[in-house]
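Novice: Give the three-dimensional model of this entry:
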Amino acid sequence: MQAKSDELTQYEISEQLHAIVDEMLEPFGKRSPRQPNMNALAPPIPPIDITKPNAHDSKAEFQYEQKAVKACVENLRATVHLLAPDKVIPDQGILVDRLRPVIDQKLRSQASRSEIEDARSLALKNVAETGGYNTSLFVLLELWTALEARQQELIDQEEKFWNINHRAPDYYARVIAIRLAKLFAKEVGQRPGYGTAAITGDPSTSYSRALKKTFKLLKIKAGVRTHGEYAVAQVTDDDLKPLVNSLAQMMESGRTSNRPMGLIGGLLGSLGESTKS
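Specialist: Residues are numbered from 1 along each chain as shown. Reported below is the predicted structural model:
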């Protein structure tokens, strides 16, 4: 008989993290934010990102990803600019008006011949039926945004992990502590505190207790106090503000991630026009 593994599943880790955050936020009348997962078969989304900040075993691996991500960002930028409607450039508008109905029809035709077997095939069918051309552009914009965020992470990692002559601190412990501190700040609207009991030295605040339990759950063997105090110091006034709609923020600012207002506004207007028709 095969022995049961001591390793927790993703589902168990996520649920235990939610329980830890529930306990942390309970004194403030809050609960752990539970985001619905569109894929019913996938494990629940944890309250904080628990991925490691550096997953490369060598500098060659790191540089390969960095080069690939940079190329993807540049190519996506070029693709979206070529396919998005732009009223400022007459030829661009003519191109999109001619190309969009052709691509929409081809996507609908492909979708009609495909069986719905899983969440992915259902999503593709929905894209085709809601105006495949415009909807695909929005997906490309989201992918562009995600890859640009990854590109910035790699820039930060290059400085922290690959361009240093001394031993780096435990960045996984540090980033988990920061993520938990920023979650506390966002949910409660105030900075977390870090404290320990005078006699036992055990964590004495809701954040510090939660951090100790999180480290134990994720098998992080690092000093809770060192990383907790560092994380609390990283919380800024912006972390205390409620979340805003990213698209609304993008529309107000006029430019985000090198995406000009004309591109976004034209795409939104085009989507409205195609929906009416």
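Novice: Point to the helix or strand of this structure where mean pLDDT is at its lowest.
Specialist: Lowest on mean pLDDT, DSSP states H and E among the helices and strands of the chain sits strand 255-256, with a mean of 44.
Novice: quick one, helices of this protein?
Specialist: Here the chain has its helices, by DSSP state H, at 10-25, 59-83, 90-112, 119-129, 132-157, 171-188, 206-217, 224-234, 246-253, 261-276.
Novice: among those helices, where is the model least confident on average?
Specialist: For the helices of the chain, mean pLDDT drops lowest on helix 246-253, to a mean of 47.
Novice: neighbours around the nearest residue to residue 10 once chain neighbours are set aside, how many?
Specialist: Excluding the flanking residues, the one nearest residue 10 by C-beta to C-beta, 6 or more residues apart in numbering is residue 43, at 4.1 Å. To be clear about C-beta, it is placed using only N, CA and C from the backbone, and glycine gets the same treatment. Residue 43 has 14 neighbours, counted by other C-beta atoms under 10 Å.
Novice: cool, the one 3 residues further on as well?
Specialist: Each residue near residue 46 was counted by other C-beta under 10 Å, and the total is 20.
Novice: what sits against it?
Specialist: Going by C-beta atoms under 8 Å, 6 or more residues apart in numbering, residue 46 touches 13-14, 17-18.
Novice: now do residue 11
Specialist: Shown in contact with residue 11 (C-beta under 8 Å, 6+ apart): 43-44.
Novice: same thing but at 6 Å, please
Specialist: By C-beta atoms under 6 Å, 6 or more residues apart in numbering, residue 11 lies in contact with residue 43.
Novice: and it, how far is that from residue 230?
Specialist: Using C-beta to C-beta, to the nearest Å, residue 11 is found at 31 Å from residue 230.
Novice: Equivalent analysis for residue 10, please.
Specialist: From residue 10 over to residue 230 (counting by C-beta to C-beta), the distance is 28 Å.
Novice: The two: which is more packed in?
Specialist: Counting neighbours by other C-beta under 10 Å for residue 10 and for residue 230 shows that residue 230 has the greater number, 16 against 12.
Novice: Quick one: neighbours of the nearest residue to the more buried one once chain neighbours are set aside, just the number.
Specialist: Spatial nearest neighbour of residue 230, excluding adjacent residues (C-beta to C-beta, 6+ apart): residue 174 at 6.3 Å. When neighbours are defined as other C-beta under 10 Å, residue 174 has 21 of them.
Novice: just checking, residue 174 touches residue 229?
Specialist: No - at 11.0 Å, residue 174 does not count as touching residue 229 under the criterion of C-beta atoms under 6 Å.
Novice: And for residue 223, nearest residue in space, chain neighbours not counted?
Specialist: In this structure, residue 223 finds its nearest non-sequential neighbour in residue 173, 8.0 Å apart by C-beta to C-beta, 6+ apart.
Novice: Contact partners for that neighbour?
Specialist: By C-beta under 6 Å, 6+ apart, residue 173 lies in contact with 220, 222, 227.
Novice: now these in CSV, with neighbour count and distance to residue 109?
Specialist: Below are the contacts of residue 173 laid out as CSV (neighbours: other C-beta atoms under 10 Å; distance: C-beta to C-beta, whole Å):
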residue, neighbour count, distance to residue 109
220, 18, 52
222, 15, 56
227, 26, 55
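Novice: Against residue 84, how distant is the closest residue in space to residue 86 that isn't next to it in sequence?
Specialist: The shortest distance from residue 86 to any non-neighbouring residue, by C-beta to C-beta, 6+ apart, is to residue 92 (4.4 Å). For residue 92, the distance to residue 84 equals 8 Å [C-beta to C-beta].
Novice: Next: residue 190.
Specialist: 42 Å.
Novice: between the two, which one's more packed in?
Specialist: residue 84 (22 against 11).
Novice: Can you report phi and psi for that one?
Specialist: Main-chain dihedrals, residue 84, degrees, to the nearest 10: phi -80, psi 140.
Novice: ok, back up a step: so what's the residue nearest to residue 10 up against?
Specialist: 10-11, 14.
Novice: Let's have those residues in JSON lines, adding distance to residue 149.
Specialist: Listed next are those as JSON lines, based on distance: C-beta to C-beta, whole Å:
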{"residue": "10", "distance to residue 149": "22"}
{"residue": "11", "distance to residue 149": "26"}
{"residue": "14", "distance to residue 149": "22"}
